[in-house]
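# I would like the atomic coordinates for the input below:
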Amino acid sequence: MYKVSLIIRVKEGNSEFNFFAMQTANNLNLDGFVKLINDGIYLIEVEGKEDQINNFVECCNTNPEGGDITEYKLKTNQKKKFSAFLTL
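Residues are numbered from 1 along each chain as shown. As a prediction, this is how the structure comes out:
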């Protein structure tokens, strides 16, 4: 089990990134959350298999919502904390 923490800045005026992140995580069977922490800046914590995490990060890098990953932390072999993917 892998866990990733991401801080993602999106283009100004774009308020749909949380939906994009949630939909992508659900499609990849990942658990965790996405939370708007400041204007245009989102915190994401996500857990799952390594390949699923890599796909999620790639989707965030190339998403149509204009996201730009500014911080990425990979933590491995962590106990699973989440049972779904939520928007907070």
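# Can you pull out the low-pLDDT segments for the protein?
Residue ranges of the chain with pLDDT under 70: 12-15, 63-80.
# which stretches of it form strands?
2-10, 31-38, 41-48, 67-76, 85-87 (DSSP state E).
# mind listing what's buried in the last one?
Buried residues in strand 85-87, defined by neighbour count with 16 or more other Cβ atoms under 10 Å: residue 85. The C-beta positions use only the backbone N, C-alpha and C, and glycine is treated the same way.
# Same question for the second one.
Counting neighbours by 16+ other Cβ under 10 Å, one finds that the buried residues in strand 31-38 are 31-34.
# I'd like to know which elements it is packed against.
helix 17-27, strand 41-48, strand 85-87 (3 or more Cβ pairs under 8 Å, 6 or more residues apart in numbering; DSSP states H and E).
# try the first one
With contacts defined as 3+ Cβ pairs under 8 Å, 6+ apart, strand 2-10 has these neighbours: helix 17-27, strand 41-48, helix 50-61, strand 67-76.
# centre of the chain versus the first one, how much separation?
Think helix 17-27. Helix 17-27 has its C-alpha centroid displaced from the chain centroid by 8 Å (Cα atoms, centre = their mean, to the nearest Å).
# If I follow the layout properly, residue 32 ends up in contact with residue 44?
Yes - the pair residue 32 / residue 44 is scored as a contact, 6.7 Å apart, by Cβ atoms under 8 Å.
# circling back: let me have the strands of the chain in JSON lines, extended by distance to residue 16.
Shown next, in JSON lines, are the strands of the chain (distance: least, Cβ to Cβ, whole Å):
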{"stretch": "strand 2-10", "distance to residue 16": "9"}
{"stretch": "strand 31-38", "distance to residue 16": "11"}
{"stretch": "strand 41-48", "distance to residue 16": "11"}
{"stretch": "strand 67-76", "distance to residue 16": "11"}
{"stretch": "strand 85-87", "distance to residue 16": "11"}
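# I appreciate the help and will end here.
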